[in-house]
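Engineer: have a look at this prediction, sequence included:
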Amino acid sequence: MEIIGNGFIARSLRPIAGKYPDTVVLAAGVSWASGTAAADFEREARLLQEAAASCRSTGRRLLFFSTAATGMYGLVDGPGREDLAVVPCTPYGVHKLALEEQLRASGADHLVLRLGHLVGPGQPAHQLLPALVTQIRGGDVRIHRGAARDLIDVADVVTLIDRLLAQKLHGEIVNVASGVAVPVEWIVDRLELRLGRTARRHYQDAGSHHVIAIDKLRSLVPETDRLGFGPHYYERIVDDFAATVVAATPS
């Protein structure tokens, strides 16, 4: 496996890199769903164009990470499914859908994974859990009313990617998420409990709440049922993340 990038997902995939020499992973894209910088979007589009051209010429498969978050499925009526015609509702969602279409038109063999909100040690500070930890420690946390997020452990994501790549899927789009939308307030509750701190909550305008369908993932990877996805799955993820934060805090 050739991994393009050295960020959170790229580092997480290194343990299985030797198993798939016929696969190129583009793990150097925009990781900030709130980001709207045109230069960052253009950079990722160029990287995808170059990677797709290389895969087309060498006969390798390109693994591309898209999003199953609000930007892609936020306007969907019901659970967000891969076979739906979606209308992205954020610049990030528009960008990722355009890249999916760009890849499909490139002629390169490929697999697209639409990811939920990954959680794990070493993830970027601007992502959800690190940002909430910073706010809680600062004494004030901002919450969008009604907002919910699908959290999934990056270690479980690597397990699922391993199983999906082993099946030699071609031209498919697969949601990789837990299938449960967790209210952000519950996530804050759990973080406060594990960090031993309480922050003042400042509520903002209504947030997004949608469910990511994982029926296709379950059918392709029966082992998904062993990962413990369900209404309490997020508690383990938040607990583990908080534990790494506490362990890294000078006493």
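Structural biologist: Nice, I can see it.

Engineer: need the contact list for the residue nearest to Pro183 when sequence neighbours are not counted.
Structural biologist: Nearest residue to Pro183, sequence neighbours excluded (C-beta to C-beta, 6 or more residues apart in numbering): Ala148, at 4.9 Å. Any C-beta I mention is one placed from the backbone N, CA and C, and that applies to glycine too. Each residue near Ala148 by C-beta atoms under 8 Å, 6 or more residues apart in numbering is listed here: 181-184, 207-210.

Engineer: give me the distance between Ala148 and Ser219.
Structural biologist: 25 Å (C-beta to C-beta, to the nearest Å).

Engineer: and Gly139, its phi and psi?
Structural biologist: phi 100, psi -10 (degrees, to the nearest 10).

Engineer: per-residue pLDDT, it?
Structural biologist: Note on Gly139: pLDDT of 97.

Engineer: residue contacts, it?
Structural biologist: Contacts of Gly139 (C-beta under 8 Å, 6+ apart): 199-200.

Engineer: and His117, by the same measure?
Structural biologist: Counting by C-beta under 8 Å, 6+ apart, His117 touches 69, 127-128, 149-152.

Engineer: among those, which one has the most neighbours?
Structural biologist: Neighbour tally across these (other C-beta atoms under 10 Å): the maximum, 28 neighbours, falls on Ile152.

Engineer: need the residues that contact the longest helix along the chain.
Structural biologist: The longest helix of the chain (DSSP state H) is helix 38-58. Here helix 38-58 makes contact (C-beta under 8 Å, 6+ apart) with 4, 24, 26, 28-30, 60-62, 64, 91, 95, 98-99, 102-103, 106-110.

Engineer: Provide a ChimeraX selection command restricted to the buried entries of the residues you listed.
Structural biologist: To isolate in ChimeraX the members of the contacts of helix 38-58 that are buried, counting by 16 or more other C-beta atoms under 10 Å, one can use:
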select :4,24,26,28,29,30,60,61,62,64,91,95,99,103,106,108,109,110
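
Engineer: list the ones among the contacts of helix 38-58 that fall in helices.
Structural biologist: Those of those mapping onto helices are 91, 95, 98-99, 102-103, 106, per DSSP H.

Engineer: of all the residues you listed, which two lie farthest apart?
Structural biologist: Taking every pair in the ones in helices among the contacts of helix 38-58 and measuring C-beta to C-beta, the maximum separation is 22.3 Å, between Pro91 and Ser106.

Engineer: quick one: average pLDDT of stretch 23-36?
Structural biologist: Model confidence over stretch 23-36, given as mean pLDDT, is 77.

Engineer: what helices or strands is the helix or strand bottoming out on mean pLDDT in the chain leaning on?
Structural biologist: Using mean pLDDT, DSSP states H and E, the weakest-scoring helix or strand in the chain turns out to be helix 70-73, at a mean of 89. Helices and strands touching helix 70-73, as assessed by 3 or more C-beta pairs under 8 Å, 6 or more residues apart in numbering; DSSP states H and E, comprise helix 91-106.
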